[in-house]
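J.: quick check, what structure comes out for this input:
(2 chains)
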2 protein chains.
Amino acid sequence: MTDEPLSPTERTRLGRLAEKGRTEREELHKLLDTALVAHVGLDAGGYPLVLPTAFAVDLDGPDRGGTLYFHGSTAARWINRSRGAMVCVTITEVDGLVAARSGFESSMNYRAAVILGEARVVEEAEERLHALDLMVDHMVPGRAATIRRPSRKEVAATQVLALPLWEASLKVRQGGPDDEDDDIADNPWGGHIPLYRVAGAPVGDEGSRGPVPDDVRRRAEQLGAR
Amino acid sequence: MTDEPLSPTERTRLGRLAEKGRTEREELHKLLDTALVAHVGLDAGGYPLVLPTAFAVDLDGPDRGGTLYFHGSTAARWINRSRGAMVCVTITEVDGLVAARSGFESSMNYRAAVILGEARVVEEAEERLHALDLMVDHMVPGRAATIRRPSRKEVAATQVLALPLWEASLKVRQGGPDDEDDDIADNPWGGHIPLYRVAGAPVGDEGSRGPVPDDVRRRAEQLGAR
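T.: Alright, predicted model coming up:
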């Protein structure tokens, strides 16, 4: 099922710049693996609200196409508004600045996924714990197994929502500018500045004693820390 | 006016974690200066839609608190939906991964601004050109003056929307985890991995001859390219 192409509905079909649209689910999954923050959009009661949140993906999750999980406090208004509601989760990675020879062609390189669906409340304790572990491991792979297990009180204070990875579009821009021939003739340089996210060395808090644990050290190294 | 504190209305007042809320407009302006992408949320007709977009800010713009500009093709459905509508523009920078001693305290360091308002269509040609220049300069400072001016056709094909920088909230998380004493006693290490955005060396396209221009070189250097 996850081999079916993306964008199965009219509302996620790309209108403009469809040449930048991608339909391979594998590319969507790669972006979701790399990105750290999702922007969740919802109807806050007559006006739209967009909030950044951590997330995690379970490609073998119970929802069609796999499951995207996000969470919030049971006391958070936005998460209560999202329960069972249509939400839009957008995940964007910026990959570069495109320095074109005209303002019209000036642009950015990016990968952006737009996922639409009904946010399902994760009621079952086992699935909720699994989702919380996935969110910890999404930030630092392997860490959920090395830290204290969530208490019953903590799990009760956390709402987890699930979104099917089904109705989605993916847009990718990469490389240099699409300048017109006249502009290239007139202006000797056009190109792009690649952008990356890199980590600094891990910083222990005041209560820390002893070396940086392996999971944290590996994650920092994977993100380019030296 | 821009010295007045942020969050003047109920709907942008922070509910949860208000200790992370900031009310200084200067901090909002700094974030908008650094960030490259805004996530625009709108009602797409019965469901929310969130799209990433370039943006620029004019603190002396005609709107209350200053003006945030974003743009899109006149043929883009989402930008036509935004004209005169209530939109939410959210701008987030991720600054680190917080490796706590429990899943509950696991978190990210970030700065996030949420701006609500009615998107004003920029009809006047002069303001539209000014906004387009600001968007080019936001990506590469000084570049609007070194490239071809927009043609009448290009300006006509571009819709520019303006949002007052007025009704807004700003949330900032920084530093290490907020672990409980028991967890600190049990687990010798908690801390965070700082994250940065850095540039690689500028890449000229196939039509380029000659050196990287000063504006592009300076921008790449400012973003850490060596």
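J.: spell out which residues make up each domain of chain A.
T.: Following automatic domain parsing, chain A resolves into domains at A:10-195, A:199-226.
J.: ranking those domains by burial, who's on top?
T.: domain A:10-195 (a mean of 19; mean count of other CB atoms under 10 Å in any protein chain shown). Backbone N, C-alpha and C define where each C-beta goes, glycine included.
J.: that older thread, columns mean pLDDT and distance to residue B:70 on top of the domains of chain A, output as a markdown table?
T.: As requested, the domains of chain A are exported to a markdown table (pLDDT from 0 to 100; distance: least, CB to CB, whole Å):
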| stretch | mean pLDDT | distance to residue B:70 |
| --- | --- | --- |
| domain A:10-195 | 92 | 13 |
| domain A:199-226 | 95 | 30 |
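J.: now those in a markdown table, with distance to residue B:34?
T.: As requested, the domains of chain A are exported to a markdown table (distance: least, CB to CB, whole Å):
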| stretch | distance to residue B:34 |
| --- | --- |
| domain A:10-195 | 12 |
| domain A:199-226 | 17 |
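J.: need those in CSV (columns: distance to chain B).
T.: Listed next are those as CSV, based on distance: least, CB to the nearest CB, whole Å:
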stretch, distance to chain B
domain A:10-195, 3
domain A:199-226, 3
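J.: nearest approach to residue B:72 belongs to which of those domains?
T.: Minimum separation from residue B:72 across those (CB to CB) falls at domain A:10-195, 7.9 Å.
J.: how about residue A:193: which residues does it bridge to?
T.: Per DSSP bridges, the residues bridged to residue A:193 are residue A:97.
J.: gap between it and residue B:225?
T.: 7 Å (CB to CB, to the nearest Å).
J.: before we move on, what about residue A:197?
T.: 14 Å.
J.: what segments of chain A are strands?
T.: Per DSSP state E, chain A carries strands over the ranges A:21-22, A:37-43, A:48-58, A:67-73, A:86-99, A:107-118, A:120-121, A:158-164, A:167-173, A:191-199, A:203-204.
J.: of all those, which one comes closest to residue A:219?
T.: strand A:191-199 (7.5 Å).
J.: which elements pack onto the closest one?
T.: Here strand A:191-199 is seen to pack against strand A:86-99, strand A:107-118, helix A:214-222, strand B:191-199, strand B:203-204, helix B:214-222 when contacts are counted using 3 or more CB pairs under 8 Å, 6 or more residues apart in numbering or on different chains; DSSP states H and E.
J.: touching, residue A:224 and residue B:193? I think so.
T.: No: using CB atoms under 8 Å, residue A:224 is not in contact with residue B:193; the gap is 10.7 Å.
J.: contacting residues for residue A:117?
T.: A:86, A:87, A:163, A:164, A:166, A:167 (CB atoms under 8 Å, 6 or more residues apart in numbering or on different chains).
J.: pipe those residues into JSON lines and attach distance to residue A:134 per row.
T.: Listed next are the contacts of residue A:117 as JSON lines, based on distance: CB to CB, whole Å:
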{"residue": "A:86", "distance to residue A:134": "23"}
{"residue": "A:87", "distance to residue A:134": "19"}
{"residue": "A:163", "distance to residue A:134": "13"}
{"residue": "A:164", "distance to residue A:134": "16"}
{"residue": "A:166", "distance to residue A:134": "18"}
{"residue": "A:167", "distance to residue A:134": "21"}
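J.: of the residues you listed, closest to residue A:136?
T.: residue A:163 (18.9 Å).
J.: and the closest one, how far from residue A:56?
T.: Distance of residue A:163 to residue A:56, given as CB to CB: 11 Å.
J.: mutual contacts of these two, please.
T.: Here residue A:163 and residue A:56 share the contacting residues A:68, A:69, scored by CB under 8 Å, 6+ apart.
J.: in PDB, list the C-alpha atoms belonging to the longest helix along chain A.
T.: Secondary structure of chain A per DSSP state H: the longest helix is helix A:125-139. Only the C-alpha atoms of helix A:125-139 are listed here, as PDB (Å, rounded to 0.1, in the frame of the first residue of the first chain):
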ATOM      1  CA  ALA A 125      -2.000   2.900  26.300                       C
ATOM      2  CA  GLU A 126       0.300   0.600  24.300                       C
ATOM      3  CA  GLU A 127       0.100   2.600  21.100                       C
ATOM      4  CA  ARG A 128       0.600   5.800  23.000                       C
ATOM      5  CA  LEU A 129       3.700   4.600  24.800                       C
ATOM      6  CA  HIS A 130       5.000   3.300  21.400                       C
ATOM      7  CA  ALA A 131       4.400   6.700  19.800                       C
ATOM      8  CA  LEU A 132       6.100   8.600  22.700                       C
ATOM      9  CA  ASP A 133       9.200   6.300  22.300                       C
ATOM     10  CA  LEU A 134       9.200   7.000  18.600                       C
ATOM     11  CA  MET A 135       9.200  10.700  19.200                       C
ATOM     12  CA  VAL A 136      12.200  10.400  21.600                       C
ATOM     13  CA  ASP A 137      14.100   8.200  19.100                       C
ATOM     14  CA  HIS A 138      13.300  10.600  16.200                       C
ATOM     15  CA  MET A 139      15.300  13.200  18.000                       C
END
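J.: helices or strands up against it?
T.: Helix A:125-139 sits against strand A:48-58, strand A:67-73, helix A:152-156, strand A:158-164, strand B:86-99, with contacts defined as 3+ CB pairs under 8 Å, 6+ apart.
J.: what about 6 Å?
T.: strand A:48-58 (3 or more CB pairs under 6 Å, 6 or more residues apart in numbering or on different chains; DSSP states H and E).
J.: distance from the strand it packs on to the middle of the chain?
T.: Strand A:48-58 has its average C-alpha position 7 Å from the chain's average C-alpha position, going by CA atoms, centre = their mean, to the nearest Å.
J.: paired strands for that strand, with orientation please.
T.: strand A:37-43 (antiparallel), strand A:67-73 (antiparallel).
J.: could I get the strands of chain A in CSV, plus columns for distance to residue B:79?
T.: Shown next, in CSV, are the strands of chain A (distance: least, CB to CB, whole Å):
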stretch, distance to residue B:79
strand A:21-22, 17
strand A:37-43, 16
strand A:48-58, 15
strand A:67-73, 26
strand A:86-99, 16
strand A:107-118, 15
strand A:120-121, 31
strand A:158-164, 25
strand A:167-173, 15
strand A:191-199, 24
strand A:203-204, 42
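J.: of the helices and strands packed on strand A:191-199, which is nearest residue B:127?
T.: Closest to residue B:127 of the helices and strands packed on strand A:191-199 is strand A:107-118 (CB to CB; 21.8 Å).
J.: give me the sheet partners of that closest one and which way each runs.
T.: Applying DSSP bridges, strand A:107-118 is found paired with strand A:86-99 (antiparallel), strand A:167-173 (antiparallel).
J.: endpoints of stretch A:30-38, how far apart?
T.: Length of stretch A:30-38, first residue to last, CA to CA, to the nearest Å: 14 Å.
J.: now do that stretch: distance to the chain's middle.
T.: For stretch A:30-38 - counting by CA atoms, centre = their mean - the centre lies 4 Å from the chain centre.
J.: and the contacts of that stretch?
T.: For stretch A:30-38, the surrounding residues in contact (CB atoms under 6 Å, 6 or more residues apart in numbering or on different chains) are A:52, A:53, A:55, A:57, A:89, A:91, A:93, A:111, A:113, B:92, B:94.
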